[in-house]
Every structure is written in structure tokens, then in C-alpha cells.
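Visitor: Compute the structure for the input listed below.
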Amino acid sequence: MSKKKKIRTRKTRFKSFTFKLSLRQYKSLKNFSEIEGTTPLKVIKERISDCIEEYSDEQIGKEAVAKNQLSLFKETSPKDQQLKMFK
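Guide: Numbering: from 1, shown residues only. As a prediction, the model looks like this:
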């Protein structure tokens, strides 16, 4: 009989995130979750899911350009490009 290879699984890493709610906000969240039949954490995760799922690999800000890099060809707006065609 051949030996079966053991499939290595990667451990999922979780990060904790804490924030504070006022008493009124907490009661509102608790009431809403009871009405919907879920937990307050599931309500929060559902509300922010589109923000945290879509942008995991995006980089924010300017592109990193070295100090000694020349910028010979600047990008022009479509309006300026059209004006250059008729000159």
C-alpha cells in the first residue's frame, strides 16, 4: 500500500480590532442583532465586509519613484491631448 501524503494546511491568522461604543449605541446594536437573529459581531462584520474584502492588495498613495528618476513624459489630460491634435 502506498503512503498518503499529508496535506499541509496554512494556519489562518487573525488580528483583533477593538473600539468603543456608547451605551446607547451598544443597546441599539444589540436590539438590531436580536431583530435580525444574529450576533452583534456578525452584524458589524457584514456591514464592513465590502470594505475589507475588496482592498486587501491595494496600495494607497503615490507610486514610489526614486529621487534621481527623470520625468520626461508627463501624462496629459484627455482635454489637453485633444487640443494638441488640432495645433
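
Visitor: so who does residue 46 touch?
Guide: Neighbouring residues of residue 46 by CB atoms under 8 Å, 6 or more residues apart in numbering: residue 38. For glycine as for every other residue, the C-beta is placed from the backbone atoms N, C-alpha and C.

Visitor: if you set the cut-off to 10 Å instead, what comes out?
Guide: 36, 38 (CB atoms under 10 Å, 6 or more residues apart in numbering).

Visitor: okay, which residue is most central for this structure?
Guide: residue 55 (3.0 Å; CA atoms, centre = their mean).

Visitor: any idea how far that residue lies from residue 48?
Guide: 11 Å (CB to CB, to the nearest Å).

Visitor: State the pLDDT value of residue 87.
Guide: We have a pLDDT of 59 for residue 87.

Visitor: repeat for residue 7
Guide: Per-residue confidence (pLDDT) for residue 7: 80.

Visitor: Can we start the residue count at 623 from this point?
Guide: Yep, numbering from 623; the last one is residue 629 now.
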